[in-house]
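> Generate coordinates for the sequence data below:
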Amino acid sequence: MRLACLLALCAIVNVVYMKPVVKEEDLSEEEDEDLDTGLEYDKYLRQVINILEKDPEMRKKMESSNLEDLKSGKLSLELDQMPGHFRSKLDELKRMEVQRLRLVAKQMMDQKQGIPGSNPKELFENLVGHVDPKSPDTFNEKDLTNLLRKATKDLDAADKKRREEFKNYEMEKEIQRREQLKKLDEQQREAAEKEFQEKKKKAKEHDKIKHPGSKAQLEEVWEETDHLDKEDFNPKTFFALHDTNGDGNLDPFELEALFIKEVEKIYQESNADPKEKFEELARMREHVLREIDTDKNKLVSREEFMKATDESEFDNDDGWEDLQQEDMFEEEELEGYEKKMQERELKRQQQREEFEAHKDKLREEQENLAKNNQVNEPVAMDQAAAEKKLTDIQQGSDKLQFDPAANQVEKNQAQPIVNHEAVKLHQQAKVNEGQPIQSDDNSIQNNQIPQVIEKQPPPQAGQPQAGEPQAGQPPAGQPQAGQPQAGQQAGQPQAGQPQAGQPQAGQQQAGQPQAGQPVP
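So this is what the prediction gives:
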């Protein structure tokens, strides 16, 4: 048989349909992935088998070997006879797989570290069981033996796991149903229970299911699926029609396709549980393999099929007891599983509470951090301004240090500006009171004046600075035109000026004749 048969064993987990096989030289990596077995080392397995099958001599030996030869390592002894370029490819695949396993092992050790009950040695052995870790750079006979043994073992384990998971699924459904009944009153509970029993009884009332693999069952497929005359049934032709990939074997996919008509008789309703359908197909396939697969490679070869059709049991149709006809579990099993579910739910609840408490703690810390940021914000801004000022000084761009004009402006801004009108009024008031006016009046120097104006912006270009008179105005402390000087009363002439009614210097008084005129 072909070693590639191992790739077909993934059907024990799910029902999928394979694409027709193309020529080996045209087989791309993407098409290989359609044959995923679900194993952790699936890609490595497929690549090794691909290379082995490309060697014509190795392929012949593979076709003539059974599963026991593969498991025992008999085929592995032929590796030495393979051409060098095939061995080089296998060595390269081995090195890549070892590198991948190192990374996976490191991740697993990091995750399992400190977990009670974890066994690092057991985890490691399970991880690298499909290779020979003692020769990380070369693919040898032990590599092939380990790969085939572990693949078969892991797929068998997956088959067992599938059955256990389905059983748990059915028990969970029953537990949930009983929980719903507890929420109803007595009358509603009786009605619901009656409806359930009637539905269960109806599920058992279907057409007779023919025994999987029997002549009657295969003839039904020949007639209804292949649309051929029942009287013309031929086992050899039947096998060729349903060996869709032409590899000389009926693999798990092709076998389960033969039982679809029988399963449809059981699950006629549109809302039938799909998991129960898949489980029914898997049960039928396993049953046929137990009866026909003599070499236990989970495939039905052409020789095995023809030999089975020659047996007398082939003509017997004993029917089939489907899932609806038998109890999947005992009441004691149900009670034990319910207890496990309660413990699991309690653990989940504790985890949820811990998670919520952790969330609340993080939220509180975030709020406190936001408050602290608001309080420290002005200080942070002042520090930022100080740092910028220091940077400007160090870079020589500080205007206060290198720009005298800017320094003068800032100095002027820092001092209050005197209202000169108020100063003059203050001086006039002292004159009226007969007090002397001193140029260094402390009251003026100390700004003890009626009005002081706050800081004002610096003067624009062409404008007088603070304390300087405007254009056409006398300096501070000098009277304007027509006004008396300090110390004079209103109406008195200024120094050097004639009083009212007296002629100016060089003029005659009123009523006196000018020079050269006669006296009256």
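
> need the helix or strand of this protein with the lowest average pLDDT.
In the chain, the helix or strand scored least confidently by mean pLDDT, DSSP states H and E is helix 29-32, which has a mean of 41.

> for the record, mean pLDDT for the strand or helix carrying residue 373?
Per DSSP states H and E: residue 373 is located in helix 331-375. For helix 331-375, mean pLDDT rounds to 89.

> any weak-confidence spans in the stretch 151-300 of the chain?
Along the stretch 151-300 of the chain, segments meeting pLDDT under 70 are nowhere present.

> Might one say that residue 276 is in contact with residue 323?
Yes: between residue 276 and residue 323 a contact is recorded at 5.9 Å, counting by C-beta atoms under 8 Å. (C-beta placed from N, C-alpha, C; glycine too.)

> Report the separation between the residue nearest to residue 338 when sequence neighbours are not counted and residue 337.
Leaving aside its sequence neighbours, residue 338 sits nearest to residue 175 (C-beta to C-beta, 6 or more residues apart in numbering; 5.3 Å). Per C-beta to C-beta, to the nearest Å, residue 175 is found 7 Å from residue 337.

> on that earlier part again, do you know how far the residue nearest to residue 338 is from residue 169?
11 Å.

> now do residue 95
Where residue 169 is concerned, residue 95 sits at a distance of 42 Å (C-beta to C-beta).

> what's the answer for residue 152, then?
26 Å.

> These two - which one has more neighbours?
More crowded of residue 152 and residue 169, by other C-beta atoms under 10 Å: residue 152, with 18 against 14.

> Secondary structure element for the more buried one, which one?
Per DSSP H and E, residue 152 falls inside helix 141-182.

> Remind me what the helix or strand just after that helix packs against, helices and strands.
The C-terminal neighbour of helix 141-182 among helices and strands, as given by DSSP H and E, is helix 186-204. Packed against helix 186-204 by the contact rule (3 or more C-beta pairs under 8 Å, 6 or more residues apart in numbering; DSSP states H and E) you find helix 141-182.

> Next, the angle from the helix it packs on to helix 331-375.
90 degrees (axes from the mean of the first three to the mean of the last three C-alpha atoms, to 10 degrees).

> list the helices and strands helix 141-182 packs on?
Packed next to helix 141-182, using 3+ C-beta pairs under 8 Å, 6+ apart, are helix 42-54, helix 67-72, helix 186-204, helix 274-292, helix 331-375.

> any chance of those helices in a markdown table, with mean neighbour count too?
Shown next, in a markdown table, are these (neighbours: other C-beta atoms under 10 Å):
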| stretch | mean neighbour count |
| --- | --- |
| helix 42-54 | 20 |
| helix 67-72 | 17 |
| helix 186-204 | 11 |
| helix 274-292 | 19 |
| helix 331-375 | 11 |
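
> I'd like to know which of those lies nearest to residue 216.
helix 274-292 (13.9 Å; C-beta to C-beta).

> Can I get the closest one in PDB, CA atoms only?
What follows is helix 274-292, C-alpha atoms only, in PDB (Å, rounded to 0.1, in the frame of the first residue of the first chain):
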ATOM      1  CA  PRO A 274     -25.400  18.000  12.900                       C
ATOM      2  CA  LYS A 275     -23.000  16.600  15.500                       C
ATOM      3  CA  GLU A 276     -25.200  13.500  15.800                       C
ATOM      4  CA  LYS A 277     -25.100  13.100  12.000                       C
ATOM      5  CA  PHE A 278     -21.300  13.200  11.900                       C
ATOM      6  CA  GLU A 279     -21.000  10.800  14.800                       C
ATOM      7  CA  GLU A 280     -23.300   8.400  13.000                       C
ATOM      8  CA  LEU A 281     -21.100   8.500   9.900                       C
ATOM      9  CA  ALA A 282     -18.000   7.900  11.900                       C
ATOM     10  CA  ARG A 283     -19.500   4.900  13.700                       C
ATOM     11  CA  MET A 284     -20.500   3.300  10.400                       C
ATOM     12  CA  ARG A 285     -17.000   3.900   9.000                       C
ATOM     13  CA  GLU A 286     -15.300   2.400  12.100                       C
ATOM     14  CA  HIS A 287     -17.600  -0.600  11.900                       C
ATOM     15  CA  VAL A 288     -16.700  -1.400   8.200                       C
ATOM     16  CA  LEU A 289     -13.000  -1.000   8.900                       C
ATOM     17  CA  ARG A 290     -13.200  -3.500  11.800                       C
ATOM     18  CA  GLU A 291     -14.900  -6.000   9.400                       C
ATOM     19  CA  ILE A 292     -12.900  -5.500   6.200                       C
END
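
> Right, I'll leave it there.
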